[in-house]
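S.K.: let's see this in three dimensions:
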Amino acid sequence: MIRMLRPFTRAVTYTRWLHLCMAIVWPALWLFVDEAWWTVATAAVLLGLAGLVPAARLVEGFQARLLLTGHRQGPEDVRIAATPSATWADRGRTAVWLETRLLLGVSVSHLSVQLLLLTADLVSAALDGGRAGGAWLPVGNPHWWHALLAPVPVVLLAVTVVQSGHLATALAVRLLGPSPAERIAALEERTEQLLERTRIARELHDSIGHALTVAVLQAGAARAAGDPAYTERALRAVEETGRAALEDLERVLGVLREPEKAGGGRPTLADAERLLESARASGAKVDAQVTGPVDALPGPVSREGYRILQESLTNVLRHAGAVPVRVRVVVAGGTLVLAVRNPLPVAAPPPGRGSGLRGIRERAALLGGRATTGPDRGDWQVRVELPSGDLR
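M.R.: The predicted model follows:
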């Protein structure tokens, strides 16, 4: 019983009914002026022509979102377009919506009035025994028991209000919904947003994660060493790494604040020496070899290569500690090959979510490359191949 009464506690039930009644306001005024039913037919023709105007879908879509979806961003709201018609198909569907809304509004309004009149007739017949005839269904042989029938039209009116609202919403979704081309455009925009969010998450993970790993290792080593000179070098490394992380953080926050100005300032493989020195300062014995025109790499390839190298070195420091690391960066034959190898740690690494390795694979896949990570002949290896194009 409570479930049946729930729709009547929602404001959207009544705004939907109001939306249908509003459709007949100006045709009804015209009818009262001329008192001829041909005026309704003329109004229907004019509505059909009005639907061919591109702005008509904007107005109708806004009304439908406001009155049919309950002021919430629900599934129906998203599926009702509030933009001008872009094609003749959109205009045709808008015209059909206007005609259908007029027909449904006339039917629902007339039925609502008649049911209210029928209720009044039943009550009047029961109270004074008079013969009432306001509704289209006359009440004959008035008697007191007609009062028992008075709630029936009220129940029918309630059902009419609720079901007509559902029908109007379904029709609005069908006739005012976005076209296939608009749906594809919306999906593409949503995909771009998700990709940008994923990219920003990777940037923060790699940059801040690397800085925190270096800072923790340096602080621990400096405390254990008890050597003022070593402590000085460790603090300098923490300072430089923290400053670089702050610059990355400011850049990422700038992208979030002003997405249209995104792009510049990201480090590239030309800045890889900074990563290598940071790893060396943390105790790792880095053997690096760079072959080929790294400075001539395309921007996206060089930037993603830098982040892949950063995450690889961070994983070495985090899971293996101060161990020998071999880094090879080779640019040849239209391909950038980046390989990082280190001895496997004796103890099993602590469990993690693997978001860093997943980020490496995602970066490689986005550029059409491939990445392999895992044990290889007693070492842990990260090997990434990215297409770099013809650099001649």
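S.K.: what sits against Gly374?
M.R.: 380-381 (Cβ atoms under 8 Å, 6 or more residues apart in numbering). For every residue, glycine as well, the C-beta is placed using N, CA and C.
S.K.: for it, list each beta-bridge partner.
M.R.: Gly374 has these beta-bridge partners by DSSP bridges: Gln381.
S.K.: next one: it from Asn342, what distance?
M.R.: Per Cβ to Cβ, to the nearest Å, Gly374 is found 13 Å from Asn342.
S.K.: now Trp97
M.R.: Distance of Trp97 to Asn342, given as Cβ to Cβ: 65 Å.
S.K.: anything in contact with each of Gly374 and Asn342?
M.R.: Common neighbours of Gly374 and Asn342, using Cβ under 8 Å, 6+ apart, are Trp380.
S.K.: using the three-state scheme, assign the nearest residue to Ala365 once chain neighbours are set aside.
M.R.: Excluding the flanking residues, the one nearest Ala365 by Cβ to Cβ, 6 or more residues apart in numbering is Ala371, at 7.8 Å. Using DSSP: H, G, I helix; E, B strand; the rest coil, the structure places Ala371 in strand.
S.K.: flag every buried residue along stretch 298-308.
M.R.: 298, 301-308 (16 or more other Cβ atoms under 10 Å).
S.K.: show me where pLDDT drops low in the stretch 251-392 of the chain?
M.R.: The stretch 251-392 of the chain contains residues with pLDDT under 70 at 252, 254-265, 346-355, 390-392.
S.K.: mind doing that once more with 50?
M.R.: Segments of the stretch 251-392 of the chain classed as low confidence (criterion: pLDDT under 50) are 348, 350-352.
S.K.: where along it do the helices fall?
M.R.: 272-281, 299-315, 355-366 (DSSP state H, counting those that start in this stretch).
S.K.: packing partners of the second one?
M.R.: Counting contacts by 3 or more Cβ pairs under 8 Å, 6 or more residues apart in numbering; DSSP states H and E, the secondary-structure elements packed against helix 299-315 are helix 180-225, helix 272-281, strand 324-332, strand 335-343, helix 355-366, strand 379-387.
S.K.: could you redo the last one with a cut-off of 6 Å?
M.R.: Packing partners of helix 299-315 (3 or more Cβ pairs under 6 Å, 6 or more residues apart in numbering; DSSP states H and E): helix 180-225, helix 272-281, strand 335-343, helix 355-366, strand 379-387.
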